[in-house]
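1. A predicted structure for the sequence below; I have some questions about it.
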There are 2 protein chains.
Amino acid sequence: MAPPPAAQGMSSSLRKSKVTVVGSGNWGSVASRLIASNTLRLDSFHDEVRMWVYEEKLPSGEKLTDVINRENENVKYLPGFKLGKNVIADPDLEHAVADSDMLVFVTPHQFVEGICKRLVGKVGKDVEAISLIKGMEVKKEGPCMISSLISEQLGINCCVLMGANIASEIAEGKFSEATVGYRQNRVIAEKWVQLFTTPYFSVSPVQDVEGVELCGTLKNVVAIAAGFVDGLEMGNNTKAAIMRIGLREMKAFSKLLFPSVKDTTFFESCGVADLITTCLGGRNRKVAEAFAKSGGKRSFDELEAEMLQGQKLQGVSTARELYEVLSHREWLELFPLFTTVHEISTGRLPPGAIVEYSEHKPNFSLVQGSALYA
Amino acid sequence: MAPPPAAQGMSSSLRKSKVTVVGSGNWGSVASRLIASNTLRLDSFHDEVRMWVYEEKLPSGEKLTDVINRENENVKYLPGFKLGKNVIADPDLEHAVADSDMLVFVTPHQFVEGICKRLVGKVGKDVEAISLIKGMEVKKEGPCMISSLISEQLGINCCVLMGANIASEIAEGKFSEATVGYRQNRVIAEKWVQLFTTPYFSVSPVQDVEGVELCGTLKNVVAIAAGFVDGLEMGNNTKAAIMRIGLREMKAFSKLLFPSVKDTTFFESCGVADLITTCLGGRNRKVAEAFAKSGGKRSFDELEAEMLQGQKLQGVSTARELYEVLSHREWLELFPLFTTVHEISTGRLPPGAIVEYSEHKPNFSLVQGSALYA
């Protein structure tokens, strides 16, 4: 017999939340591990954390999920770290999310749309989602935010978690920070913060989904610029200047697209800290450095093939997509760094142009919102 | 015969400004070189740039000023770069500033007070000054801003110029940026911008003297923290997080002391860019790294003596002075990173405490201006 509505409401607020992690790569496994340590500790969550795993056969002939569930370790994507006994790998997407109250999306960004399509109608309207996926697509009409995609496809609320989060360093328990971006509901944001925070992983909520999510994508373009500077051996002054100009363009672009974006978001982990991490290490920086060292003679395609074992650089494709948005809206002159990164990476300009062009101070009086660079 | 008042006013606005650089170390010589290239080019300035040189005898027995004026090169502090024939070295401070309309102060900070005392009454009230000196003293009652010291002692207006400015990289023509902080007079700020800007040195004005100047001092304390993280080999996530927390404390401290300080100042070259440069290279970071590598067993005094040939680290003394301000005002808990840098550098805490303590989020509701960390 169904309980009366009042009791139902009460029981639902007391009910322990069930968490499913949709994704099980390197970052997905680290996230599951963080979350699993907290669901055991906190009364408001079910102990068990379900982790959807895209099933693979390991060289041993065993299934990845079987090994994860036996060893409590993702031997393929996070070897050497126990996930926690309460992490249950599940190869069946629909089964993995059934009865779940909180969904953590952490797959490569190109798979999100397909996954959401499979989940349409299978997820309750009061389920809460969060996206840890960096690298949404930037389409001509503007960026296609992963959080919006999830939200619209499934008809649920979706927060984001971004920051200076090199997964392997978090797994090793090295101190890191992250930012949760939320739209309206501060209570939900605090719940996500609770679910992720550990003594070495410090999470802060910010009411600015778009700002937080755009930081995660746009910083890769700045990292390409920083890599050019490294390859040209221009020194720390120039690198810092280029990073600063990049941060300025990230802020200005985000605010042009979403006037609700806050300046203060760029001081959070998702902003300045993630930018620093990405411009110090990171593969975008590294390949761009090699590109500049070759004087632009070796293409990004060639260098990616050689240096990244089949992975593609997000910075280069984001720069191309950004270029389309900027030229479509006639904003190219407002974003000299973004524009120049694309023109260098396609060979239209030499690597040294990154400095020559980026330093131009754009004239924002021509567009609405002329205080953007204030 | 003196001209009538109207003509006098007109002639003064048409008069070419004479510039004197007070100081001739590495940064002073680079500044003179930048300025001298512009005074030749711009009609609003006298070609000649006077540079006050603290006279020294070179090993050859010659006087430094004689060699500078013969070779157009500061062979001691900026060897290998011509200053420009229009830079005139002058060992007589009072003579060097006589008739000058614009004074550029760029000496070690401990000499400023003595220099100003010698200039009292020798400088007209309509002379404009700018300070390039980083590292003002932080006294118990608050920081003693160099720009205020100059302004008060000489009764003249004083701007500041700060930024990610490693002098040797600027001398080599590597692209850099800087920020001019001004109080009221935008016209004067623009004039300083004109005087310093070159194709590879990009200068922007900001109406926030205190914010700009505080950035230049406080970043050295953050660089000490970043050096600890490097020495402990904690990786880029942690380093970026510590830099971000440091930037947050720089901003909060500046705003607590001077409510007029603007958030946007920290996005300028003097803020985030200078912080990045200082935390990537720089001697504060380097010696702090060595300190942490020794597990705090070798003192800063010992390491400074070994690594810096008689120079002292500004970060360590600023951290000590800051600590006094914070404890005097009962703000220690609000600034865990600043506080912990001092406690580590005096041996009261181990280097690893930089992370353990800095991550505490301060409770600003206890003090006026609780939106400081917003």
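-> Structure received. Numbers count the residues shown, from 1 in each chain, chains lettered A, B, ... in the order given.
2. residue closest to the middle of chain A?
-> A:K134 (2.2 Å; C-alpha atoms, centre = their mean).
3. Give me every residue in the stretch 251-374 of chain A lying close to chain B.
-> Within the stretch 251-374 of chain A, the residues that sit near chain B (C-beta under 8 Å from any C-beta of the partner chain) are A:251, A:263-264, A:266-269, A:272-274, A:276-277, A:280-281, A:355, A:359, A:361, A:374. C-beta here means a position set from N, CA and C on the backbone, and glycine is covered the same way.
4. filter those to the buried ones?
-> Among these, those buried by neighbour count (16 or more other C-beta atoms under 10 Å in any protein chain shown) are A:251, A:263-264, A:266-269, A:272-274, A:276-277, A:280-281, A:355, A:359.
5. how much space between A:S17 and A:I133?
-> 21 Å (C-beta to C-beta, to the nearest Å).
6. ok so, going back, taking the buried ones among the residues of the stretch 251-374 of chain A next to chain B one by one, which sit in helices?
-> A:K251, A:D274, A:I276, A:T277, A:L280, A:V355 (DSSP state H).
7. Give me the contacts around the biggest strand by length in chain A.
-> For chain A, the strand with the greatest residue count under DSSP state E is strand A:45-52. For strand A:45-52, the external contacting residues (C-beta atoms under 8 Å, 6 or more residues apart in numbering or on different chains) are A:16-24, A:28-29, A:32, A:35-36, A:38-40, A:68, A:83-84, A:86-93, A:96-97, A:100, A:195.
8. Could you tell me how far stretch A:25-37 lies from the centre of the chain?
-> 15 Å (C-alpha atoms, centre = their mean, to the nearest Å).
9. and it, which residues are buried?
-> Under 16+ other C-beta under 10 Å, the buried positions of stretch A:25-37 are A:25-37.
10. neighbouring contacts of that stretch?
-> A:19, A:21-22, A:24, A:49, A:51, A:74, A:77-78, A:81-84, A:86-87, A:104, A:106-108, A:132, A:165, A:167-168, A:170-171, A:195-196, A:198, A:201.
11. Then stretch A:80-89?
-> A:24, A:29-30, A:32-33, A:36-37, A:39-40, A:47-51, A:53, A:64-65, A:68-69, A:72-74, A:171.
12. Please list only the buried members of those residues.
-> The buried subset of those (16+ other C-beta under 10 Å) comprises A:24, A:29-30, A:32-33, A:36-37, A:39, A:48-51, A:53, A:64-65, A:68-69, A:72-74, A:171.
13. before we move on, back to that, pLDDT (mean, whole number) over the longest strand of chain A?
-> For strand A:45-52, the mean pLDDT works out to 98.
14. for stretch A:227-234, same thing?
-> Averaging pLDDT residue by residue across stretch A:227-234 gives 96.
15. Likewise for stretch A:344-362?
-> 89.
16. can you give me the offset of stretch A:153-165 from its chain's centre?
-> With C-alpha atoms, centre = their mean, you get 9 Å for stretch A:153-165.
17. That one and chain B, are they touching?
-> Yes. If you take C-beta under 8 Å from any C-beta as the test, stretch A:153-165 does meet chain B, through A:A164, A:N165.
18. In terms of helix, strand or coil, where does A:I130 fall?
-> strand (DSSP: H, G, I helix; E, B strand; the rest coil).
19. ditto for A:P79
-> Per three-state DSSP, A:P79 ends up coil.
20. roughly how far apart are it and A:V67?
-> 11 Å.
21. Which neighbours do those two have in common?
-> A:E73.
22. Give me the more crowded residue out of the two.
-> A:V67 (18 against 10; other C-beta atoms under 10 Å in any protein chain shown).
23. now the strands for the stretch 151-300 of chain A?
-> A:157-162, A:176-181, A:201-206 (DSSP state E, counting those that start in this stretch).
24. can I get these in CSV with mean neighbour count, mean pLDDT and distance to B:S148?
-> Listed next are these as CSV, based on neighbours: other C-beta atoms under 10 Å in any protein chain shown; pLDDT from 0 to 100; distance: least, C-beta to C-beta, whole Å:
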stretch, mean neighbour count, mean pLDDT, distance to B:S148
strand A:157-162, 27, 98, 40
strand A:176-181, 28, 97, 35
strand A:201-206, 21, 96, 35
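25. Break down the stretch 251-374 of chain A into its helices, ranges please.
-> All helices of the stretch 251-374 of chain A, identified by DSSP state H, counting those that start in this stretch, fall at A:274-280, A:283-293, A:300-307, A:314-328, A:336-345, A:353-358.
26. Which one of the ones you listed lies nearest to B:L308?
-> Proximity to B:L308 (C-beta to C-beta) singles out helix A:274-280 among the helices of the stretch 251-374 of chain A, at 24.9 Å.
27. outside of the closest one, which residues touch it?
-> A:162-166, A:215-216, A:219-220, A:222-223, A:226, A:239, A:243, A:246-247, A:250, A:284-285, B:236-237, B:239-240, B:243-244, B:276, B:280.
28. roughly how far out does it sit from the chain middle?
-> That offset, for helix A:274-280, works out to 14 Å (C-alpha atoms, centre = their mean).
29. Nearest to A:R320, out of the strands of the stretch 151-300 of chain A?
-> Comparing the strands of the stretch 151-300 of chain A under C-beta to C-beta, the one sitting nearest is strand A:157-162, at 21.8 Å.
30. now that closest one against strand A:176-181, angle please.
-> 150 degrees (axes from the mean of the first three to the mean of the last three C-alpha atoms, to 10 degrees).
31. gap between A:H328 and chain B?
-> 27 Å (C-beta to the nearest C-beta, to the nearest Å).
32. Pull the number of nearby residues for that residue.
-> Neighbour number of A:H328 under other C-beta under 10 Å is 13.
33. Now for the residue nearest to the centre of chain A: which residues touch it?
-> A:H109, A:M162, A:G216, A:T217, A:N220, A:Q314.
34. How about A:F258?
-> A:E210, A:G211, A:L214.
35. Any idea how many residues pack against the residue nearest to A:R285 when sequence neighbours are not counted?
-> Nearest-residue entry for A:R285: A:G227, 4.0 Å, with adjacent residues in sequence omitted and distances by C-beta to C-beta, 6 or more residues apart in numbering or on different chains. A:G227 is flanked by 31 other residues according to other C-beta under 10 Å.
36. wait, A:G227 sits on A:F300?
-> No. Look at A:G227 against A:F300 with C-beta atoms under 8 Å: they stay out of range, at 10.7 Å.
37. what touches both of those two?
-> Common neighbours of A:G227 and A:F300 (C-beta under 8 Å, 6+ apart) are A:V287, A:F291.
38. quick one on the thing from earlier: for A:I150, state which of the contacts of A:F258 is nearest.
-> Out of the contacts of A:F258, the member with the shortest distance to A:I150 (by C-beta to C-beta) is A:E210, at 14.0 Å.
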